[in-house]
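Peer 1: Got a predicted model here, sequence first, then my questions.
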Amino acid sequence: MDLKLGDTAPDFTAMTTEGEIHFHEWLGDSWGMLFSHPADYTPVCTTELGRTAQLKDEFAKRNVKVLAVSVDPLDSHRGWIKDINETQHTTVDFPLIADADRKIANLYGMIHPNASDNMTVRSVFIISPDKKIKLTLTYPASTGRNFTELLRVIDSLQLTAKYSVATPADWKEGEDVVIAPAIPDEEIPSRFPKGHKVIKPYLRTTPQPNR
Ligand code: BEZ
């Protein structure tokens, strides 16, 4: 399925290492990060799932539930989690979907046949509490994702969901943000009382509103 930003994240029921999950119900009012990995017992995937577990508090702080998926069966996931915990010095306590029949992989377009016809690529879907897809990202099997970047994107998405701002290149939490072009100049002082700078008529910045 060709999912686009703004689409409703397809709902599904799946068996996971934490029991059966009804996706939308499981998400509740949280944000979600659904991400696929190519295969269990592989090196890059081991580091990625370990890193996700290590960042548990960072995801929780942002009200984000994480859910991993690959086409491996449940007993494989369970055995592999022991290796991840041992080698990455962490405790994986988020669910891994066992998608042996590729139901979720196909629903979310996670198999790219010209890359591999029997493994999922490294897909990421960030989903807002209204179940809309806010970000998609696709990496090849050979490149582990940058989880600091994923947290940064979540910070940006959550900020722009609340205020009429966007975040510039390389923005990080605490830095100035860009005022949305749709906001007329005369509304800026009341909407952004911390002040603003007009660098060009179309490039107006303000301190991060929620700090
Ligand atoms: C890995 O996780 O290391 C990996 C998985 C599939 C293909 C290549 C690398």
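Peer 2: Thanks, I have the structure now. Numbers count the residues shown, from 1 in each chain.
Peer 1: Okay, domains of this structure per the record?
Peer 2: For the chain, the domain assignment from automatic domain parsing gives the residue ranges 13-145, 163-206.
Peer 1: Quick check: end-to-end length of the first one?
Peer 2: What that stands for is domain 13-145. Terminal residues of domain 13-145 lie 26 Å apart, using CA to CA, to the nearest Å.
Peer 1: what is the mean pLDDT for it?
Peer 2: Confidence for domain 13-145, expressed as mean pLDDT, is 98.
Peer 1: Begin at 236 from now on, thanks
Peer 2: All right, first residue 236 from here; so that's domain 248-380.
Peer 1: Contacts (any at all) between the ligand and that domain?
Peer 2: Yes. Judged by CB under 6 Å from any ligand atom, domain 248-380 and the ligand are in contact via 273-274, 277-280, 376-377. C-beta coordinates here come from the backbone N, C-alpha and C atoms, glycine included.
Peer 1: quick one, which of the domains of the chain is packed in tightest?
Peer 2: Mean neighbours per residue, mean count of other CB atoms under 10 Å, is largest over the domains of the chain for domain 248-380, with a mean of 17.
Peer 1: Now do that one: distance to the chain's middle.
Peer 2: Relative to its chain's centre, domain 248-380 lies at 10 Å (CA atoms, centre = their mean, to the nearest Å).
Peer 1: Within the helices and strands, which one has the nearest residue to residue 402 once chain neighbours are set aside?
Peer 2: Spatial nearest neighbour of residue 402, excluding adjacent residues (CB to CB, 6 or more residues apart in numbering): residue 391 at 4.3 Å. Secondary structure from DSSP states H and E places residue 391 in helix 382-397.
Peer 1: avg pLDDT for the helix or strand that comes right after that helix?
Peer 2: Per DSSP H and E, the first helix or strand lying C-terminal to helix 382-397 is strand 400-401. Per-region confidence: strand 400-401 scores 98 on mean pLDDT.
Peer 1: partners of strand 400-401 in the sheet?
Peer 2: Here strand 400-401 has these sheet partners by DSSP bridges: strand 412-414 (antiparallel).
Peer 1: Now find how far off-centre the helix or strand following the partner strand is within its chain.
Peer 2: Downstream of strand 412-414, the first helix or strand assigned by DSSP H and E is helix 423-426. Centroid separation for helix 423-426 versus its chain: 31 Å, with CA atoms, centre = their mean.
Peer 1: returning to what we had before: who are the packing partners of the helix holding residue 391?
Peer 2: If contacts are counted by 3 or more CB pairs under 8 Å, 6 or more residues apart in numbering; DSSP states H and E, helix 382-397 sits against strand 266-271, helix 278-289, strand 357-362, strand 368-374.
Peer 1: Give me the angle between the third one and helix 278-289.
Peer 2: So the one you mean is strand 357-362. 30 degrees (axes from the mean of the first three to the mean of the last three CA atoms, to 10 degrees).
Peer 1: show me the contacts for residue 418.
Peer 2: Neighbour list for residue 418: 399, 426 [criterion: CB atoms under 8 Å, 6 or more residues apart in numbering].
Peer 1: any idea how far the most far-flung residue of the chain relative to its centre is from the ligand?
Peer 2: Distance from the centre of the chain peaks at residue 421, with 35.6 Å (CA atoms, centre = their mean). Distance, residue 421 to the ligand, by CB to the nearest ligand atom, to the nearest Å: 53 Å.
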